[in-house]
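Novice: Give me a 3D structure for the following:
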Amino acid sequence: MSRTPFDHYDNDERDEDEDATQLNVGDPITRKTRRLSRQCDTCIFRAGNLMHLDRGRLKDIVGEAIATDKYIICHETLPGMSSAAVAPAICRGFHDRYTTSALRIMARLWGFVDIDPPGKDKG
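Specialist: Numbers count the residues shown, from 1 in each chain. Model prediction:
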């Protein structure tokens, strides 16, 4: 069955294991896809390896997203990284550098709603 970014809000009959492994970037109010308005302070795409990734890890993360034709969710919007009020959003660093079928489909069908990165990053 084909899924949309909004299935999380529209379908109460999914398997609980699926909820745990699939994060949703669909905004139920705007019916658009959440995307960061800019890179977060520790974006994996900023110079200097601010997240202290092992050598080659960024290449692996990007390679997997491109190979599966998906996207990367900002680490600061993942559950447990910020307050519970912060919802998953597409990493701006990835979005601005790569194009995948998932991103093209989201742009055409729903568009994006840009949200500020969580935390102290306000500038």
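Novice: For the protein, which segments are assigned as helices?
Specialist: 7-10, 16-21, 57-67, 92-97, 101-109 (DSSP state H).
Novice: can you give me the strands for this protein?
Specialist: In the chain, the strands defined using DSSP state E lie at 33-36, 112-115.
Novice: returning to that earlier point: and the helices of the chain: which comes nearest residue 73?
Specialist: helix 92-97 (8.8 Å; C-beta to C-beta). In this view, the C-beta of every residue, glycine as well, is placed from N, C-alpha and C.
Novice: re earlier: which one of the strands of the chain has the most crowded surroundings?
Specialist: Greatest average neighbour count among those goes to strand 33-36 (a mean of 24), per mean count of other C-beta atoms under 10 Å.
Novice: so which of the strands of the chain comes closest to residue 78?
Specialist: strand 33-36 (12.5 Å).
Novice: Distance from the closest one to the middle of the chain?
Specialist: Put simply, strand 33-36 sits 7 Å off its chain's centre (C-alpha atoms, centre = their mean, to the nearest Å).
Novice: Give me the helices and strands touching that strand, please.
Specialist: For strand 33-36, the packing partners by 3 or more C-beta pairs under 8 Å, 6 or more residues apart in numbering; DSSP states H and E come out as helix 92-97, strand 112-115.
Novice: could you dump it to PDB, C-alpha only?
Specialist: Provided in PDB are the C-alpha atoms of strand 33-36 (Å, rounded to 0.1, in the frame of the first residue of the first chain):
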ATOM      1  CA  THR A  33       5.600  18.500   4.400                       C
ATOM      2  CA  ARG A  34       7.700  19.900   7.200                       C
ATOM      3  CA  ARG A  35      11.200  21.100   6.200                       C
ATOM      4  CA  LEU A  36      13.700  23.200   8.200                       C
END
